[in-house]
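Trainee: From the sequence below, what's the structure:
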Amino acid sequence: MPRSLKVRQRCIETVKLAVRRNGFPSQRALAEDVGLALATVSNFLTGKPVDFTTFEELSNKLMLSWREIADLDFDVPSQTSNFNPETPQLSDVNPDKSPPYPNGPVPLDSHFYIDRPPMEQLSCNEILKPGSVTRIQAPRKMGKSSLLLRILAFAQQQSYKIVKIDFQEADKAVYAHLNKFLRWFCANIARQLQLQPLLDEYWDEEMGSKVSCGIYFEGYLLEQVDTPIVLVLNEINLVFEHPDIAEEFLPLLRFWHEQASQSTLFQKLRLVVVHSTEVYISLDINQSPFNIGLPIKLPEFNFKQIQDLVTRHGLNWTQGDRVKQLMAMVGGHPYLVRIALYHLTQAQITLETLLQQAPTQGGIYGGILRHHWEIIQKKPKLSAALHQVVMTSESVKLDPIVTYKLESMGLVKLDGDRAYPSCQMYRLYFAGQYQQEENTV
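Mentor: Numbering: from 1, shown residues only. Below is the predicted model of the structure:
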């Protein structure tokens, strides 16, 4: 397999058009969605070399065949050479169930979605309750979007209205002050409900923006719909980074939930709050929306779930030793596990080679590791904290905000208020990077 690829010159315009066609308003939006550095995505889109795994991931995300757009100035390994007995052969795998590259939410009809009971059933049952709040929390790439897809499919079966607010889409200017933020929030919801915003008819500067927002919800939005509304607030942890907004907006969500006990209009509202980290801002316990409703904290896959996923990929792992070896390196992180299984089925690579190369830049996780390292290097406080975590065998107590950022990246797990590496691969890779830095000083 080649180390790096670049888009051939005559395909660059096609690739750039695919960004918009697939719903990404900018290169930055694509970079954030796939969890890559903006510079890496820019290199891909302008015909500069990127590593093979990244090239393949971006091609799949844009619904493009990597072979058709790649400038192949080398020989791509034959799909039948270097036979690997662990790799399923064409006769062993239903072509309709061949594993796609793990990217984005797992489709509803996918053979590769692994249930994590009772999460799915609990979440669907909760949105049936008037005025309910469902809180889904897990680091990035843990399956929040896949679970959300199934909750929303269930909501559609109930003929509920669905509105999704993604705080990643808000311009920086939106967070400048509370009034602007709440007007953006309300206008976004109105448009998704196919209603005229009419903000000025309900907004009263004398009463303040929070009261105006509540009046707008109760007096206009909820009045205009006959069925419950499932309001998804995705990546609400981004609001945490703006304390002046968070300390006003988050208690408002709790107030609406409490209003459902006396208002039939607010009973129509079913909140689904999705966030990547624990809540680290200080809120009055009686005002916080994070101690009400149903908490769903997505766990990693366990041994049996990974064994099930291995079987669905058609791999002939009759004994559990190989699953244990994979888990020893990447834990039960769904995304990391699925990337490994994808390459074991599609590429001619053994598990032994994969694991040996996993904590290196030349392995299948090279793009992911480099992306994290690029971010860490630009953030001295994060780097100092991660250095503490990976260079010791004990868990480490860190500053809460630093902990939240490392946890949201999926680099650490928490044992109470103490952090430790989320998997052995991260410990080995980052410890090696820090050791290399120290040796060159």
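Trainee: Just the strands from the protein, written as ranges.
Mentor: Using DSSP state E, the strands of the chain run over 4-5, 50-51, 133-137, 161-166, 229-234, 269-275, 294-297, 396-397, 412-415, 418-421.
Trainee: Just name the most buried of these.
Mentor: Highest mean neighbour count of these: strand 269-275, a mean of 25 (counted as mean count of other CB atoms under 10 Å). Using the backbone N, CA and C atoms, a C-beta is placed for each residue, glycine as well.
Trainee: which other residues reach it?
Mentor: Outside strand 269-275, the residues that touch it by CB atoms under 8 Å, 6 or more residues apart in numbering are 123, 126-127, 129-137, 144, 148, 151, 155, 160, 217, 222, 228-237, 253, 256-257, 260, 289-290, 293.
Trainee: ok so, going back, columns mean pLDDT and distance to Arg67 on top of the strands of the chain, output as JSON lines?
Mentor: JSON lines is the format used below for the strands of the chain (pLDDT from 0 to 100; distance: least, CB to CB, whole Å):
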{"stretch": "strand 4-5", "mean pLDDT": "83", "distance to Arg67": "10"}
{"stretch": "strand 50-51", "mean pLDDT": "86", "distance to Arg67": "15"}
{"stretch": "strand 133-137", "mean pLDDT": "94", "distance to Arg67": "37"}
{"stretch": "strand 161-166", "mean pLDDT": "96", "distance to Arg67": "32"}
{"stretch": "strand 229-234", "mean pLDDT": "96", "distance to Arg67": "34"}
{"stretch": "strand 269-275", "mean pLDDT": "95", "distance to Arg67": "35"}
{"stretch": "strand 294-297", "mean pLDDT": "94", "distance to Arg67": "40"}
{"stretch": "strand 396-397", "mean pLDDT": "96", "distance to Arg67": "45"}
{"stretch": "strand 412-415", "mean pLDDT": "93", "distance to Arg67": "37"}
{"stretch": "strand 418-421", "mean pLDDT": "96", "distance to Arg67": "36"}
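Trainee: Switch those strands over to a markdown table; also include distance to Asn316.
Mentor: A markdown table is the format used below for the strands of the chain (distance: least, CB to CB, whole Å):
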| stretch | distance to Asn316 |
| --- | --- |
| strand 4-5 | 30 |
| strand 50-51 | 29 |
| strand 133-137 | 35 |
| strand 161-166 | 41 |
| strand 229-234 | 39 |
| strand 269-275 | 37 |
| strand 294-297 | 34 |
| strand 396-397 | 41 |
| strand 412-415 | 32 |
| strand 418-421 | 31 |
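Trainee: Looking at those, which is nearest to Thr353?
Mentor: Thr353 lies closest to strand 50-51 among these, at 16.7 Å (CB to CB).
Trainee: helices or strands up against that closest one?
Mentor: strand 4-5, helix 38-45, helix 366-377 (3 or more CB pairs under 8 Å, 6 or more residues apart in numbering; DSSP states H and E).
Trainee: who's in contact with the longest one?
Mentor: Taking CB under 8 Å, 6+ apart as the criterion, the residues outside helix 366-377 that touch it are 35-37, 39-40, 50-51, 53-54, 57, 336, 359-361, 382-383, 386, 409, 411, 425-426, 429-430, 433.
Trainee: Would you write a ChimeraX line that selects the buried entries of the residues you listed?
Mentor: ChimeraX command restricting those to the buried ones, with burial defined by 16 or more other CB atoms under 10 Å:
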select :35,36,37,40,50,51,53,54,57,336,359,361,382,383,386,409,411,425,426,429,430,433
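Trainee: domains in the chain, as residue ranges please.
Mentor: The record assigns the chain these domain ranges, following automatic domain parsing: 4-69, 90-110+301-357, 119-297, 367-440.
Trainee: Would you map the helices across the stretch 1-150 of the chain?
Mentor: Taking DSSP state H, counting those that start in this stretch to define them, one finds helices in the stretch 1-150 of the chain at 12-21, 27-34, 38-45, 52-61, 66-69, 119-126, 144-157.
Trainee: and if you look at the stretch 251-400 of the chain?
Mentor: With DSSP H, counting those that start in this stretch as the criterion, the stretch 251-400 of the chain has helices spanning 303-312, 321-330, 334-346, 351-357, 366-377, 380-390, 400-408.
Trainee: can you count the residues close to Ser261?
Mentor: 10 (other CB atoms under 10 Å).
Trainee: Sounds good, over and out.
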